[in-house]
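Asker: Provided below are the primary sequence and the corresponding predicted coordinates.
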Amino acid sequence: MIKYGFLIFGCFLTLVYAERSVFGAGDLNSPAPYGLTPAEKVIIKNKQILSKNQKKINKVDSSLKELYERIDGLESVSTGDSQKVHKAILSLNKLKTEFKNFQADISLEMEKKDAKIQNLENKIALLTSNIEQNNKNITLLQTSLEKATAIINTINESFVTRKDFKNLLTEIDKTNKKTYRTKSKSISNSSSKKYTKSKKLLIQDARKLFKKSYFTKALPILEYLIKTNYRPAECNYYVGEIKYYRKKYSDALYFYKTSMMLYDRAKYLPRLLLHSAIAFEKTKDYAQAKNFYSTLIEVYPDSSEAKKASKKIKKLK
């Protein structure tokens, strides 16, 4: 029985195989080919490999196409961005140029301002120096004024009056019986002379006569000018000098005092002080002589009169 069963199954398989061979054996295009020869099997295998590769190629082509599309998009964007970047670079370069120009302008303005500031500082320094010098000059002037005031006060306090002049004159020159009042009257009478020249020319004549020691001719002109109140300080000084050189020291002191009271800044003041001190010494008023010598040395230390006063005051000591 078993043998018959196998025989029947074998016949069935033969029939089935024969059926398939009849309808599709060796069909290379069949999805499931059978009955293939070894060569056909190789062809089928190669076709399968080629199919797989084609799929891969198609997939790669699709990916490449997509990539190309992206690249095209990026190139388009890049082109737009490049233009923007180019514009941005141009704008940046323009800003850099403007900034450099601005820096140059600022530097130039700063240099101008520095120059102006330096100029202003120099002017301030010069002004400060001038102010300091002026302050020094003012201080010196104040000192001189104070000393001059002290001299005037000393003169006012120490110069003898006209009445005292009579007593001094009596002690110095006992043979001279005329009083200072009488002399003043004679001077007043002599000054009544009329002059045709102008006062300006008269003072010039008086100066020339005095320098030549023509005291007799100079004196009436000076007295006339004193009486008419023309340059009284200078005229009193010259009259005092004439009295001094004539050794009429008391008279000289009176005119010196008047000159000093009228104008205490005259250029002849050192000589006036020196001769006043000598006049006091000659009238034996040594205390006042010493006082005037000291004042002269202190107020006019660089004058030639101060040098003479220094020698004379040593003798008094």
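Answerer: Thanks, I have the structure now. Residues are numbered from 1 along each chain as shown.

Asker: from now on I want contacts and neighbour counts done on CA atoms only, so please keep to that.
Answerer: Fine.

Asker: quick one: which helix or strand includes the residue sitting nearest the centre point of the chain?
Answerer: Compute the mean C-alpha point of the chain, and by C-alpha atoms, centre = their mean the closest residue is residue 121, 0.8 Å away. According to DSSP states H and E, residue 121 maps onto helix 38-158.

Asker: helices or strands next to that helix in the packing?
Answerer: When contacts are defined as 3 or more C-alpha pairs under 8 Å, 6 or more residues apart in numbering; DSSP states H and E, helix 38-158 packs onto helix 249-262, helix 286-299.

Asker: how distant is the last one from the center of its chain?
Answerer: It refers to helix 286-299. Averaging C-alpha positions (C-alpha atoms, centre = their mean, to the nearest Å) puts helix 286-299 47 Å from its chain's average.

Asker: repeat for the first one
Answerer: Average the C-alpha atoms of helix 249-262, do the same for its chain, and the two points are 53 Å apart (C-alpha atoms, centre = their mean).

Asker: all numbers from here: first residue = 55
Answerer: Yes, from this point I'll number from 55; that puts the last item at helix 303-316.

Asker: low pLDDT regions in the stretch 155-304 of the chain?
Answerer: Residue ranges of the stretch 155-304 of the chain with pLDDT under 70: 195-246.

Asker: could you rerun that using 50?
Answerer: The stretch 155-304 of the chain contains residues with pLDDT under 50 at 210-237, 239-240.

Asker: circling back: with distance to residue 297 and mean neighbour count as extra columns, can I get the helices and strands packed on helix 92-212 in a markdown table?
Answerer: Compiled in a markdown table, the helices and strands packed on helix 92-212 are given as follows (distance: least, C-alpha to C-alpha, whole Å; neighbours: other C-alpha atoms under 10 Å):
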| stretch | distance to residue 297 | mean neighbour count |
| --- | --- | --- |
| helix 303-316 | 5 | 23 |
| helix 340-353 | 18 | 20 |
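
Asker: between those, which gets nearest to residue 139?
Answerer: helix 340-353 (89.4 Å; C-alpha to C-alpha).

Asker: tell me the angle of the closest one relative to helix 92-212?
Answerer: 160 degrees (axes from the mean of the first three to the mean of the last three C-alpha atoms, to 10 degrees).

Asker: flag every buried residue along whichever helix or strand comes after helix 340-353.
Answerer: Note on helix 340-353: by DSSP H and E, the next helix or strand toward the C-terminus is helix 358-370. Within helix 358-370, the residues that count as buried by 16 or more other C-alpha atoms under 10 Å are 359, 360, 363, 366, 367.

Asker: distance from helix 358-370 to the middle of the chain?
Answerer: Remark: helix 358-370 is offset 49 Å from the chain centroid, using C-alpha atoms, centre = their mean.

Asker: equivalent analysis for stretch 268-275, please.
Answerer: Remark: stretch 268-275 is offset 60 Å from the chain centroid, using C-alpha atoms, centre = their mean.

Asker: buried residues, that stretch. List them.
Answerer: In stretch 268-275, counting by 16+ other C-alpha under 10 Å, buried: 269, 272, 273, 274, 275.

Asker: assign residue 284 to helix, strand or coil.
Answerer: With DSSP: H, G, I helix; E, B strand; the rest coil as the basis, residue 284 sits in coil.

Asker: again, but for residue 301
Answerer: Here residue 301 is coil, with the state taken from three-state DSSP.

Asker: can you get me a residue count around it?
Answerer: 13 (other C-alpha atoms under 10 Å).

Asker: domain parsing for this protein?
Answerer: Taking automatic domain parsing as the reference, the chain has its domains at 55-83, 91-199, 200-370.

Asker: how near is the closest residue to residue 331 other than its chain neighbours to residue 317?
Answerer: Leaving out its chain neighbours, the residue that sits closest to residue 331 by C-alpha to C-alpha, 6 or more residues apart in numbering is residue 343, at 4.3 Å. Between residue 343 and residue 317 the computed distance is 21 Å (C-alpha to C-alpha, to the nearest Å).
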